[in-house]
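Colleague: Okay, here's the prediction I keep looking at, along with the sequence it came from:
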Amino acid sequence: MNRVFLFLPLAIFLVMGVYFGLGLREDPSAIPSQMIDRPLPVFDLPGIADGEPGLASSDLAGHVSLLNVFGSWCPPCEIEHPMLMQISRSGRVPIYGVDWRDRPGDGAAWLARHGNPYQRVGDDAQGRLAIDLGITGAPESFLVDREGRVRFHHVGIIDETVWRDVLLPRIEALEAE
């Protein structure tokens, strides 16, 4: 009986090791979104600077669009930004931005430094829209169809591979519907 208790910590350690080892095989960007095939939440965000137009859910109606959540405080957003600029210059899909939890003026200054790929940018300083969208971090992006329904959710950086192999085919499929 005492021998069983001797090996119990080892058995627990092995079970935990297998459990966590299997978890490492999962894709951390494949976080399921509860927004898929649901209407985009109704929102009307102010602009990120005085005199700048804000962003409302109605701005995304009538065309396939990419909604990107970013912040000036977000290092991965800076890595992603050149790809967003390239997508914007291509004119392939309109990109709308949600500046999430930034201090007043920080998002506008960041875009002035790095360029603005967005048709419109809304200031979600309190994070209310992010909560409604189920945001877990930045950057995150959503493909929205013509009817205003969220059709795809991407967690993490949009790079050339994600654009070419994941987003662009989905955009083309949504446009063909």
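Modeller: All right, it came through fine.
Colleague: tell me the SS of Glu52?
Modeller: Here Glu52 is recorded as coil under DSSP: H, G, I helix; E, B strand; the rest coil.
Colleague: swap in His153?
Modeller: Per three-state DSSP, His153 ends up strand.
Colleague: which residues pair with it across the strands?
Modeller: Beta bridges link His153 to Phe142, judged by DSSP bridges.
Colleague: Count the residues that sit near it.
Modeller: Close neighbours of His153, defined as other CB atoms under 10 Å, add up to 21. From N, CA and C alone the C-beta is placed, and that goes for glycine too.
Colleague: How many neighbouring residues does Gly137 have?
Modeller: Neighbour tally, Gly137, other CB under 10 Å: 14.
Colleague: Would you mind listing the residues in contact with it?
Modeller: Contact partners of Gly137, counting by CB atoms under 8 Å, 6 or more residues apart in numbering, are Val155.
Colleague: how about the strands in the chain?
Modeller: Listed in chain order, the strands of the chain (DSSP state E) span 44-45, 55-56, 65-70, 95-100, 121-124, 140-144, 150-155.
Colleague: export these to CSV and tack on distance to Ala130?
Modeller: Listed next are the strands of the chain as CSV, based on distance: least, CB to CB, whole Å:
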stretch, distance to Ala130
strand 44-45, 11
strand 55-56, 13
strand 65-70, 6
strand 95-100, 5
strand 121-124, 6
strand 140-144, 9
strand 150-155, 13
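Colleague: Out of those, which is closest to Arg38?
Modeller: Distance to Arg38, taken as CB to CB, is lowest for strand 150-155 among these, at 5.9 Å.
Colleague: The closest one - contacts with which helices or strands?
Modeller: Counting contacts by 3 or more CB pairs under 8 Å, 6 or more residues apart in numbering; DSSP states H and E, strand 150-155 packs against strand 140-144, helix 168-176.
Colleague: Tell me the buried residues in that strand?
Modeller: Neighbour-count burial for strand 150-155, counted by 16 or more other CB atoms under 10 Å, picks out Val150, Arg151, Phe152, His153, His154, Val155.
Colleague: need the contact list for Tyr118.
Modeller: Tyr118 makes contact with Asn68, Ser88, Ile95, Tyr96, Gly97, Leu111 under the criterion CB under 8 Å, 6+ apart.
Colleague: any idea which residue sits dead centre in the protein?
Modeller: Centroid check for the chain by CA atoms, centre = their mean gives Glu140 as the closest residue, at 1.0 Å.
Colleague: Excluding covalently adjacent residues, which one is nearest to that residue?
Modeller: Val69 (4.7 Å; CB to CB, 6 or more residues apart in numbering).
Colleague: what's the burial count for that neighbour?
Modeller: Val69 - counted by other CB under 10 Å - has 22 other residues nearby.
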